[in-house]
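# Need a 3D model of the following:
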Amino acid sequence: MRRIILITGGERSGKSTYAEKLALSLSPTPVYIATAHPWDEEFRERIRRHQERRGPQWTNIEEERELSRHRLEGRVVLVDCLTLWATNFFFSGKDEELPDVDQVLAELKAEFDRFTSQQATFILVTNEIGMGGVSANAIQRRFTDLMGWLNQYAAQQADEVVLMVSGIGVTIKEPPPAPPNFEF
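Numbering: from 1, shown residues only. Prediction:
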């Protein structure tokens with residue numbers, strides 16, 4: 001059975017730790033898909049700390065774009081995170097060109113659908129970046145638009161959505177109740 005759980009919130013809200021604990025509660029051997037591109041040494045160190053925090057029970061996959069090429073039927077899969085994944089699509093063009101948000105969003109939705117069509121439990125981590133003020137920078141505004149629309153799409157597809165606030169998970173979308181079991 002396919003299940004999608006979206007974990008969202010601001011930076012340092014506890015999303016990754018919450019998602020990792022949830023994954024381990026659902027499987028003794030979950031899969032961790034890291035979408036980060038190591039841009040600089042500080043980010044490499046951040047990746048190393050995340051890897052160190054996870055134990056040997058995790059199957060670790062580094063995948064910056066094509067999530068659907070990994071067949072994970074029947075597994076519990078944590079993707080950390082959709083924001084970094086979207087960044088890899090958003091900044092794939094020429095530096096001097098502003099990305100076409102509609103085109104990038106269409107690519108992301110298509111890949112999201114291919115990936116989550118598998119019969120697996122998906123725990124997806126994302127950032128709520130649009131809760132602050134409007135940026136004066138055109139690229140930041142476009143990326144905020146992209147993430148807002150991608151997060152809305154992911155939340156619509158999700159069975160459950162949890163908003164992290166100061167390390168506390170607040171359920172904002174619950175799965176529908178199970179149908180009654182009638183015996184005839």
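# Determine how far the helix or strand of the chain with the lowest mean pLDDT lies from the middle of the whole chain.
Every helix and strand of the chain was ranked by mean pLDDT, DSSP states H and E. The lowest is helix 41-53, at a mean of 79. Here helix 41-53 is found 18 Å from its chain centre; the criterion is C-alpha atoms, centre = their mean, to the nearest Å.
# Now do the buried residues in that helix.
His50 (16 or more other C-beta atoms under 10 Å). For every residue, glycine as well, the C-beta is placed using N, CA and C.
# name the helices or strands packed onto it?
Counting contacts by 3 or more C-beta pairs under 8 Å, 6 or more residues apart in numbering; DSSP states H and E, helix 41-53 packs against no other helix or strand.
# export that helix as PDB, just CAs?
Presented in PDB, the C-alpha positions along helix 41-53 are these (Å, rounded to 0.1, in the frame of the first residue of the first chain):
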ATOM      1  CA  GLU A  41      32.800  22.700   2.500                       C
ATOM      2  CA  GLU A  42      30.400  23.900   5.100                       C
ATOM      3  CA  PHE A  43      27.600  22.000   3.400                       C
ATOM      4  CA  ARG A  44      29.800  18.900   3.100                       C
ATOM      5  CA  GLU A  45      30.300  19.000   6.900                       C
ATOM      6  CA  ARG A  46      26.500  19.400   7.400                       C
ATOM      7  CA  ILE A  47      26.000  16.300   5.200                       C
ATOM      8  CA  ARG A  48      28.600  14.400   7.100                       C
ATOM      9  CA  ARG A  49      26.900  15.200  10.500                       C
ATOM     10  CA  HIS A  50      23.500  14.000   9.100                       C
ATOM     11  CA  GLN A  51      25.100  10.800   7.900                       C
ATOM     12  CA  GLU A  52      26.800  10.200  11.300                       C
ATOM     13  CA  ARG A  53      23.500  10.700  13.100                       C
END
